[in-house]
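1. after the sequence you'll find the predicted model.
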Amino acid sequence: MSAATGAVTDALRELHTSYAGADGGELAGYIPQLALADPGAFGLALISMDGHRYSAGDADVPFTVQSVSKPFVYALALSLLGLDEVSRWVNAEPSGEAFNAISLEHGTGRPSNAMVNAGAIVATALIPDTPVAPRFGRILDCLSRFAGRALDVDEEVYASEAATGDRNRALAYLIRSTGPLPVDPVAAVETYFRQCAVRVTVLDLAAMAATLAHGGVNPLNGERVVSEPVAAQVLTVMATCGMYDASGDWLLRVGLPAKSGVSGGVIAAGPARFGLAAYSPPLDRTGTSVRGRLAIGTLSDRLGLHLMRNPALPGSTVTLVTTADDLPAVPAGERARRQRVAVAAAQGALDFTAAERVLYALDEAGAGRTGAVVLDLVRVTDIDTVARAMLRGGLARLAADGRRTAVADPDGRLREPGDDTGAARSFASREEAVAWCTATASG
C-alpha cells in the first residue's frame with residue numbers, strides 16, 4: 001500500500017474497526033424496503049480536492065440516497081432560479097424540529113429550509129418540468145454529475161416509499177393550502193419519492209460532498225456541476241440545518257456541513273479540503289446513522305477538521321514532484337543513479353489537507369520506479385501535529401517497504417519532542433539528501 005493511501009486509509013480502517021460493532025439504533029422500518037437492509041453494513045469514504053479516493057468497509061455496497069439528495073436538488077434549484085427566487089418559496093432558517101415535522105413560516109407558509117421534508121418537496125417542485133427536459137430527468141442528471149457517474153433508481157424502494165408516504169403527501173397538500181407550492185402536490189411528492197430512491201454507494205456520496213467542498217467542481221473529472229456561489233450557499237444551509245433538530249449539536253461537536261439520510265448515509269464536507277461519507281443503516285432518534293455519526297465525529301476530532309477550530313492554513317502546497325535526475329546541476333555520471341530517487345517538495349504551513357497532498361506526491365514521484373524517496377521541507381514554515389504524524393507514518397511505511405527515505409528538514413520540523421533520529425534520515429538541504437540516497441543506491 002502506498003504512503004498516502006496508507007496514511008488516510010489506515011485512519012478510515014481504524015474507525016471502521018472501532019465502530020463496526022457499535023450497538024444502538026434502529027432501521028427505518030416505516031419504509032418497508034429500508035427495513036430489509038443489512039444492519040451490519042458499514043462503509044466509510046473520503047475524497048480529496050485532488051480527486052484522491054480513500055475508503056474502508058462496505059464502500060461499494062449500493063443503497064438509496066434518501067434525504068442526502070436534498071442539498072443537491074436545492075443546488076439545482078439555486079442554479080436554475082437563483083437564491084432570491086428560491087427563497088420566495090422556501091426559507092433558510094433552522095427549524096429545530098424533526099425531518100418530517102410541519103415546519104411552515106407563519107403568514108407565508110414557507111417551509112423552514114430545504115433540508116426538512118417540507119422544504120425539500122418545495123425545492124423539488126421548483127425544478128422546471130418540460131417535455132424536452134422532464135423534472136426528474138434534470139434531477140437524476142444533477143445527482144449523477146455530482147457523483148461523477150450515471151446513477152439509477154431502485155424501483156423497489158421507490159414503490160415502497162410511494163406506498164407508505166402519506167405523511168409527505170399530507171405535507172405537500174398543507175403547503176399548497178397556504179400557497180407556496182408551484183405544482184400539483186401529487187406530482188411534487190411522486191418526484192420527491194423517486195429522487196430519494198436514487199441508488200448510490202458511499203464513494204458516490206463522498207464524491208458528491210467533495211464537489212460541494214470544491215466550489216461546485218467535481219474533483220474526480222474536473223466538471224463544473226454548479227457555480228462556486230451556489231456551492232457556498234448549499235454548504236451554509238447544510239451547516240445550520242442539515243442534521244435537523246441535531247444540527248446545532250453536530251456543528252458544535254463535529255464542525256462540518258453535513259446531511260444525513262434514513263437509509264444510513266451521511267455526508268460531511270470540509271470546504272476546499274475533502275468530501276467525507278459514511279453508510280450504516282441503524283439510525284438514532286434524529287434519523288442519523290449511529291456508526292456514521294461516531295466515525296465522522298471521531299475523524300473530525302482526531303484530524304482537527306472542525307471549521308472553527310482549525311481554519312485552513314495559508315500557503316500549503318506541493319511545489320515539486322520529480323525524480324532527482326531532473327534537478328538542476330546533476331553531476332556527470334550520476335543521472336542514471338538519480339533516476340532511482342524520487343523527490344517531493346512542499347512549502348508553507350502543513351495541515352491534514354496539505355499532508356495528504358505531500359504523501360500522494362511522494363507516491364506519484366516514485367510510482368514504483370524508484371528505490372529512494374526525498375521529502376524536501378526546506379520551505380515549510382509550520383507542521384501541525386496531525387500533519388506531522390501523517391508524514392512520519394507515511395515515511396515509515398515507505399521504509400518498511402524497503403525504500404530508503406531522507407528528509408531535507410533543516411529546522412527539524414518533522415521531529416517529535418525527544419526524538420533524536422526523526423522519521424527518516426535528516427539533512428540540511430535537498431542536495432545533501434539526494435546525494436546520500438544516490439551514494440546509498442550506489443553502495
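-> Yep, that arrived. Numbering: from 1, shown residues only.

2. could you use CA atoms for every contact and neighbour count after this?
-> Fine.

3. I'd like the next helix or strand past the helix or strand bottoming out on mean pLDDT in the chain.
-> Least confident helix or strand of the chain, by mean pLDDT, DSSP states H and E, is helix 335-338 with a mean of 60. Note on helix 335-338: by DSSP states H and E, the next helix or strand toward the C-terminus is strand 341-350.

4. which helices and strands does the helix or strand just after that following strand pack with?
-> Using DSSP H and E, the helix or strand that follows strand 341-350 in sequence is helix 352-366. Under the contact definition 3 or more Cα pairs under 8 Å, 6 or more residues apart in numbering; DSSP states H and E, helix 352-366 sits against helix 3-19, strand 317-323, strand 341-350, strand 372-383, helix 385-400.

5. for the fourth one, which positions count as buried?
-> Spelled out, that is strand 372-383. Neighbour-count burial for strand 372-383 flags 372-380, 382-383 (criterion: 16 or more other Cα atoms under 10 Å).

6. surely E156 is within a helix?
-> Yes. Assessed by DSSP: H, G, I helix; E, B strand; the rest coil, E156 belongs to a helix.

7. and the residue nearest to it when sequence neighbours are not counted, what are its phi and psi?
-> Leaving out its chain neighbours, the residue that sits closest to E156 by Cα to Cα, 6 or more residues apart in numbering is Q33, at 7.2 Å. Main-chain torsions, Q33, degrees, to the nearest 10: phi -70, psi -30.

8. Q33 contacts A162, correct?
-> No. The pair Q33 / A162 is not scored as a contact, 11.2 Å apart, by Cα atoms under 8 Å.

9. neighbour-wise, which of these two wins?
-> Per other Cα atoms under 10 Å, whichever of Q33 and A162 has more neighbours is A162, with 19 against 16.

10. secondary structure class for the residue nearest to the more buried one when sequence neighbours are not counted?
-> Leaving aside its chain neighbours, A162 sits nearest to F193 (6.4 Å; criterion: Cα to Cα, 6+ apart). Secondary structure, three-state DSSP: F193 is helix.

11. quick one: stretch 406-419 to chain centroid distance?
-> Relative to the chain's own centre, stretch 406-419 is displaced by 31 Å; criterion: Cα atoms, centre = their mean, to the nearest Å.

12. ok, and G21, which helix or strand is that part of?
-> Following DSSP H and E, one finds G21 outside all helices and strands.

13. now for it, how many residues are close by?
-> When neighbours are defined as other Cα under 10 Å, G21 has 11 of them.

14. tell me where the model's unsure across the protein.
-> The chain contains residues with pLDDT under 70 at 1-5, 96-103, 105, 180-181, 310-316, 324-339, 365-370, 417-423, 440-443.

15. mind running it again at 80?
-> Per-residue confidence for the chain (pLDDT under 80) gives these ranges: 1-7, 95-109, 179-183, 309-317, 319-340, 364-371, 416-423, 439-443.

16. how does it divide into domains?
-> As given by automatic domain parsing, the domain ranges for the chain are 3-303, 317-442.

17. out of the helices and strands packed on helix 352-366, indicate the one that is most buried.
-> strand 341-350 (a mean of 25; mean count of other Cα atoms under 10 Å).

18. for the buried residues of strand 372-383, which one is nearest V434?
-> Comparing the buried residues of strand 372-383 against V434 with Cα to Cα places V374 closest, at 6.6 Å.

19. how close does that closest one sit to C437?
-> Look at V374 and C437: by Cα to Cα, to the nearest Å, they are 8 Å apart.

20. G29 too?
-> Computed as Cα to Cα, the G29 to C437 distance reads 61 Å.

21. which of those two has more residues huddled nearby?
-> It is C437, of G29 and C437, that has more neighbours when counted by other Cα under 10 Å, with 26 against 12.

22. tell me what the residue found closest to that one once you drop the neighbours it is linked to in the chain is bridged to.
-> Nearest residue to C437, sequence neighbours excluded (Cα to Cα, 6+ apart): A372, at 6.3 Å. Taking DSSP bridges, one finds V341, R404 as the beta-bridge partners of A372.

23. am I right that A372 is in contact with T323?
-> No. Counting by Cα under 8 Å, A372 stays clear of T323, with 9.7 Å between them.

24. common neighbours of the two, please.
-> 340-342 (Cα atoms under 8 Å, 6 or more residues apart in numbering).

25. just those now: which is nearest L171?
-> Distances from L171 to the shared contacts of A372 and T323, taken as Cα to Cα, are shortest for A342 (60.5 Å).

26. so G119 sits against L126, correct?
-> No. The criterion here is Cα under 8 Å, and G119 misses it with L126 at 10.6 Å.

27. mind checking which of those two has more residues around it?
-> Taking neighbours as other Cα under 10 Å, G119 and L126 compare with G119 leading, 29 against 25.

28. would you quantify the distance from the more buried one to F193?
-> G119 is 14 Å from F193, by Cα to Cα.

29. G264 now?
-> From G264 to F193 the distance is 17 Å (Cα to Cα).

30. between these two, who's got more neighbours?
-> Between G264 and F193, G264 has the larger neighbour count (other Cα under 10 Å), namely 32 against 20.

31. which non-adjacent residue is nearest that one?
-> Nearest one to G264, counting by Cα to Cα, 6+ apart, is P281 at 4.0 Å.

32. one more: D284?
-> Nearest non-adjacent residue to D284, counting by Cα to Cα, 6+ apart: G25, 4.8 Å away.
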